[in-house]
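1. kindly return the folded structure for what I paste below:
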Amino acid sequence: MMQRRVYFDNAATTPLRPEVLEAMMPYLTESYGNPSSIHQEGRKTRAAIEAARKTVANIIGASTGEIFFTSGGTESNNMAIKCAVRDLGVKRIISSPAEHHCVKHSVEYIDSMHLAKIDYVRLDQYALPDLNHLEELLAASESPTLVTLMHANNEIGSMIDLAAVSALCKKYGAYHHADTVQTIGHYPVNVQETPIDFISGAAHKFQGPKGVGFIYINSRCHIHPYIDGGAQERNMRAGTENIAGIVGFAKALQLATDEFEKDLNYISDLKSYMKERIKEICPDAQFNGHPSKSLYSVLSVSFPPGPHADLMIMSLDIAGISVSGGSACSSGAETQSHVMEAIGHPADRKTVRFSLCHSNTKDEIDFTIEKLEGILASGIQVPS
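-> Alright, predicted model coming up:
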């Protein structure tokens, strides 16, 4: 008999929705024209891309000329940070020690090449930036500055006050890049209501296809192409477009936007239920991330030291449950992540990230709790 599998790693990637696949299929089969071609087949696929661009722009309150499709969040974040230094005259970057690796490593590269001065804002125990310290940093120099902070932490879920950061950047004339990969498709983000210069998204975080994302570039930011070649994406991102992926991105984002309230309520209830069940079997468990200002879909749990600790994630996988230790980019690492180090998390406690979506159920949580209880008791769990 086939082993039951439960998937609680939706912050890493989500399953493709059937409606999204249906929208994509024509562009994987009969509508195969190159969007840069002027014949009928090319015009048809070009129209599909522009319709998708309009959908994304409308959802985030942007103009279509400010939306550019990319290969995903990593490319978008690299593009925002590196082009800000190269093309906008940025001489200083303010970031934090708990950013996603694509931001962290981009900032470290700029530092290593002596292209800009790097300052790091202090974090609290939830990995949230100290806004008073951020203002001190902004006020300390008149050098052209980019503030790059993630909207929600991908490992523990804590969410910054995006409007407050935006207001500080505006007050001091700094450029503002928000890594919104974990929030686009899960929370409303409107760049008219909250002015930001760069934001990013990836379709696979909200039931869309992998390998496609977008970057919003405020019209005041005149940057040059990050990838050179043809004139695709309004001469901003060379390379033949991923037509099916772009169509799937827009469809997934529209569905996620339409169903936001329903998903918020349902998944929040699942998260609360899971917290209660974990406390029942492990009273010493601790929950990482801000208790209220946090992603409703992410539950980061710190388990006490014991024989189970080093094998926790592997034991859950053997038992049929997919989770991670934090970021999918470093889920195989033996040492604790840079995020947990940044908030002073004890190294001897094991962190497990359970991330939920609308397709998960309380029955799956009960199954997980049953297996987890066995792991905590014995140190390893084998499939029944």
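2. leaving out chain neighbours, which residue sits closest to residue 355?
-> Leaving out its chain neighbours, the residue that sits closest to residue 355 by CB to CB, 6 or more residues apart in numbering is residue 11, at 3.6 Å. The way it works is simple: take the backbone N, C-alpha and C, and place the C-beta from them, glycine included.
3. tell me the contacts of that neighbour?
-> Counting by CB atoms under 8 Å, 6 or more residues apart in numbering, residue 11 makes contact with 154, 182, 205, 295, 297, 298, 324, 328, 353, 355.
4. one more: residue 366?
-> With contacts taken as CB under 8 Å, 6+ apart, residue 366 has the following neighbours: residue 277.
5. confirm it sits in a helix?
-> Yes. Under the criterion used here (DSSP: H, G, I helix; E, B strand; the rest coil), residue 366 sits inside a helix.
6. check what pLDDT it gets.
-> Each residue has a pLDDT score; the one for residue 366 is 98.
7. quick check: the residue nearest to residue 355 vs residue 298, distance?
-> 6 Å (CB to CB, to the nearest Å).
8. quickly list what's touching both of these two.
-> Common neighbours of residue 11 and residue 298 (CB under 8 Å, 6+ apart) are 182, 353, 355.
9. can you put these in CSV and add pLDDT and secondary structure?
-> Shown next, in CSV, are those (pLDDT from 0 to 100; DSSP: H, G, I helix; E, B strand; the rest coil):
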residue, pLDDT, secondary structure
182, 98, coil
353, 97, strand
355, 98, strand
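10. going by distance to residue 200, which of those residues wins?
-> Closest approach to residue 200 among those (CB to CB): residue 182, at 10.3 Å.
11. centre of the chain to stretch 263-276, how far?
-> 20 Å (CA atoms, centre = their mean, to the nearest Å).
12. average pLDDT for it?
-> Mean predicted confidence for stretch 263-276 is 98.
13. nearest spatial neighbour of residue 304, skipping sequence neighbours?
-> Once chain neighbours are set aside, the closest to residue 304 by CB to CB, 6+ apart is residue 284, at 4.4 Å.
14. three-state assignment of that neighbour?
-> Using three-state DSSP, the secondary structure recorded for residue 284 is coil.
15. go ahead and confirm it touches residue 306.
-> No. In this structure, residue 284 is not within contact of residue 306 by CB atoms under 8 Å, at 9.6 Å.
16. who has more neighbours, those two?
-> residue 306 (17 against 12; other CB atoms under 10 Å).
17. got the contact list for stretch 283-301?
-> Outside of stretch 283-301, the residues within contact range by CB under 8 Å, 6+ apart are 10-11, 126-128, 152-153, 155-159, 161, 182-183, 186, 264, 267-268, 271, 274-275, 278-279, 302-304, 326, 340, 343, 345, 349, 351-357.
18. let me see the ranges of the strands in the protein.
-> With DSSP state E applied, the chain shows strands at 6-7, 67-70, 92-95, 117-120, 145-150, 175-179, 198-202, 213-217, 286-288, 298-303, 321-322, 350-355, listed in chain order.
19. and residue 105, how many neighbours does it have?
-> 15.
20. nearest residue to residue 282 other than its sequence neighbours?
-> Leaving aside its sequence neighbours, residue 282 is closest to residue 376 (5.8 Å, by CB to CB, 6+ apart).
21. go on, residue 111?
-> That would be residue 118: by CB to CB, 6+ apart, it lies 4.6 Å from residue 111.
22. partners of the one you found in the sheet?
-> Applying DSSP bridges to residue 118 gives these bridge partners: residue 93.
23. now do the helices in the stretch 201-350 of the chain.
-> According to DSSP state H, counting those that start in this stretch, the stretch 201-350 of the chain carries its helices in the segments 232-235, 243-258, 260-281, 312-318, 338-342.
24. my error: substitute the stretch 1-150 of the chain in the last question.
-> Listed in chain order, the helices of the stretch 1-150 of the chain (DSSP H, counting those that start in this stretch) span residues 18-24, 40-60, 73-87, 101-112, 131-139.
25. and the ones you listed: which comes nearest residue 93?
-> Ranking these by their distance to residue 93 (criterion: CB to CB) puts helix 101-112 first, at 5.7 Å.
26. run through the chain and note the low-pLDDT ranges.
-> Counting by pLDDT under 70, the chain contains low-confidence ranges at 309, 326-335, 379-384.
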